[in-house]
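[1] Next input, structure requested:
(chains A and B)
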Amino acid sequence: MRVRVELHPALKQWIEERFARYPSERSLVVPALLEAQKYYSYVSPEVEIGLAELLGMPPQEVHSVASFYSMLHQHPVGRHIIQVCHNVSCYLRGAEDVIAHLEEVLGIKVGETTEDGRFTLVTVECLAACGQAPVMMVDEKLVEQVTPERAEAALAEFD
Amino acid sequence: MLQETKVVTELAGTEGLRRLEVYEAHGGYGALRKALTGMKPQEVIDEVKRSGLRGKGGAGFPAGLKWSFVPRDHPGPKYLAANADEGEPGTFKDRWIIEENPHLLIEGSIIASYAAGIDHAYVYTRGEFFTARRVLLGAIKEAYARGYLGENILGSGYALEMTVHSGAGSYECGEETALLTSLEGGRGHPKLKPPFPATHGAWGRPTVINNVETLATVPSIINRGADWYRSFGTEKSPGVKMVSISGHVEKPGNYEIPLGTPVRMILDDLGGGVWKGRELKAFAPGGSSTPLLLPGNLDTPYDYESIAEAGSMLGSGGIIVFDETTDMVRVAEILTRFYAWESCGKCTPCREGTRWMLQIYERILNGGGRMEDLDLLLDICEGIDSKSFCPFGDAALGIVRSTIQHFRAEYENYIRKHKVYKRKFMPVRHH
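    Residues are numbered from 1 along each chain as shown, chains lettered A, B, ... in the order given. Model prediction:
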């Protein structure tokens, strides 16, 4: 049985506007998956099917690509993603304490989502900001020189 | 007291530098004008070759030589991939260049493209670089509007398109052939070389892949000439390099130095020395993939040859500093976890080897290590060394081997006393 999925029109437009920039349509699959998460919060099988149709590739292949990249979520996530760097330069300047504090105030462990669906807490590899370590990102916002207190305070503007 | 030698970073800190008119007011796009209206593509290549400019992403390959491998009479489109997939832990110069001075990267990319006969330049940015992408997109839009991109650039008849492409979280995509696979719309797996990207790159077409810092160095070389660039650095490592200093120093940050500067001067005069008045235990000279060096290596000149002679690599220029209190077993575990998670999975030695090493590190830090684990770790390193498909596998070995070599007693302390790291390690799954 063939399932048809209508993608969000704004997403569809975002992708189609960029077709002319590439020799093949499937080249857009990675950026398109990232963009799709603005509309769908995670890459569901339906999203994969919709993208596959638009990009002219099998849904299985879209899934194969989607499952490779760490920013593409395979399961529903919270409204905001907190990514705390746990790599070496941030570790050396206190990232462990930041992570432990966020786990405590949010009442979740790394990899989990708060019950109200507000935050998903994950660790992330080096964000190329080691000069300001430790660092974290909330959605698209980079927070530098975080302490446990500053990390907690940075969450206030995200509801 | 060592002062910085500012080439790529020359205009950093200039108010409003992201805007085209500010960049132009400081001489920006002058090199592009000089190249496109006064030099043949071959002359640009020759000048850059003579300058000795080496790739600044990690491999250190001569940039002009790389451009010269692109077949000139090849029918059909050719591509440039500017590698902005900066992910080497301890390295943060490329993101900084883009956010600080986006037009410098654009100008360098256009000149490189002109030299190699490129039709379309893609800037492959890390997925996480939201701000850098926004800044770059704005700058490219300005460059199109001003006629530096698109058809008939500066009346030269040369045309170039430029597109910002986004990854979505993968260290492996910084490897040049994996970057191409990702750009083409696949999992970030490396490709077999040969054929090399210069003849069979993106979409099977001739492709040049250059690091952001490399491209950002090109305008200065065109403006001031190869001899000027060669006046810095050493015979075999000419010119300048950005270093990203992180970890246990007083003043972490990006600095630019002539190659051949002693490491001690870089760390003390620019990095402000080891923080809190502590002693240095070790440092990684060129990012997380480079074997650790010791205080005894501090007088080593920071250039490709000298760092190699000392037993490590200059790599990306990311100097990570560890003070005397650092738990080196935990450091090795952190980086092994990184490589295990980021291994693309294409080849067995890297995929299985890094995960196996991580399991061993977890048991050591959980108090269950065995004395024979040290030999086992070294044995697994041997099983990966030069046997993985791309350089990633070897990159994972430096930290394991060098910590066992230099800090074996710390491993033994964990194992003998069944010491448990302060946080128990639960296997955290990659999301």
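
[2] ok, the helix or strand encompassing A:L33 near chain B or not?
    Counting by DSSP states H and E, the element that carries A:L33 is helix A:29-40. Yes: with C-beta under 8 Å from any C-beta of the partner chain as the measure, helix A:29-40 is seen reaching chain B through A:V29, A:V30, A:P31, A:L33, A:L34. All C-beta spots, glycine's among them, are computed from the backbone N, C-alpha and C.

[3] residue contacts, the fourth one?
    So the one you mean is A:L33. Counting by C-beta atoms under 8 Å, 6 or more residues apart in numbering or on different chains, A:L33 touches A:V43, A:V47, A:L51, A:V62, A:V65, A:A66, A:Y69, A:L72, B:A168.

[4] Checking the residue nearest to the spatial centre of chain A next. Helix, strand or coil?
    Centroid check for chain A by C-alpha atoms, centre = their mean gives A:M71 as the closest residue, at 4.0 Å. Three-state assignment for A:M71 (DSSP: H, G, I helix; E, B strand; the rest coil): coil.

[5] Was I right to think it contacts B:C173?
    No: the criterion here is C-beta atoms under 8 Å, and A:M71 misses it with B:C173 at 11.6 Å.

[6] Give the helix, strand or coil label for B:Y124.
    Following three-state DSSP, we place B:Y124 in the strand state.

[7] oh sorry, the question was meant for A:L51
    Strictly by three-state DSSP, A:L51 counts as helix.

[8] What confidence value was assigned to it?
    At A:L51, the pLDDT value in this model is 97.

[9] what do you get for A:S41?
    83.

[10] list the buried ones in the helix holding A:L33?
    Neighbour-count burial for helix A:29-40 flags A:V29, A:V30, A:P31, A:A32, A:L33, A:L34, A:E35, A:A36, A:Q37, A:Y40 (criterion: 16 or more other C-beta atoms under 10 Å in any protein chain shown).

[11] Same check on stretch A:62-81?
    Buried, per 16+ other C-beta under 10 Å, within stretch A:62-81: A:62-63, A:65-66, A:68-73, A:77-78, A:80-81.

[12] what do you get for stretch B:188-204?
    B:G188, B:H189, B:P190, B:K191, B:P197, B:A198, B:H200, B:G201, B:A202, B:W203.

[13] For the fourth one, give me its contacts.
    B:K191 makes contact with B:T177, B:A178, B:L180, B:T181 under the criterion C-beta under 8 Å, 6+ apart.

[14] Sticking with the last one, tell me its helix or strand.
    In this case it means B:T181. Using DSSP H and E, B:T181 sits within helix B:176-183.

[15] what packs against the helix or strand following that helix?
    Downstream of helix B:176-183, the first helix or strand assigned by DSSP H and E is strand B:207-211. Secondary-structure packing of strand B:207-211 (3 or more C-beta pairs under 8 Å, 6 or more residues apart in numbering or on different chains; DSSP states H and E): helix B:63-68, strand B:79-84, helix B:102-116, helix B:176-183.

[16] For chain A, find the nearest of these.
    helix B:176-183 (6.0 Å; C-beta to the nearest C-beta).

[17] Show me the contact partners of that closest one.
    Helix B:176-183 is contacted by residues A:27, A:30, B:81, B:83, B:85, B:122, B:124, B:165, B:167, B:170, B:172-173, B:187-191, B:193, B:197, B:201-202, B:207, B:209, B:344, B:390 when judged by C-beta under 8 Å, 6+ apart.

[18] if we can go back for a sec, keep only those of the buried residues of stretch A:62-81 that are also close to chain B.
    Contacts with chain B within the buried residues of stretch A:62-81, counted by C-beta under 8 Å from any C-beta: A:V65, A:F68, A:Y69, A:S70, A:M71, A:L72, A:H73.

[19] The second one against B:R187, yeah?
    To tie it back to what came earlier, the one meant is A:F68. Yes: with contact defined as C-beta under 8 Å, A:F68 counts as touching B:R187 (4.0 Å).

[20] got any residues that touch both of these two?
    Common contacts of A:F68 and B:R187 (C-beta under 8 Å, 6+ apart): B:C344.
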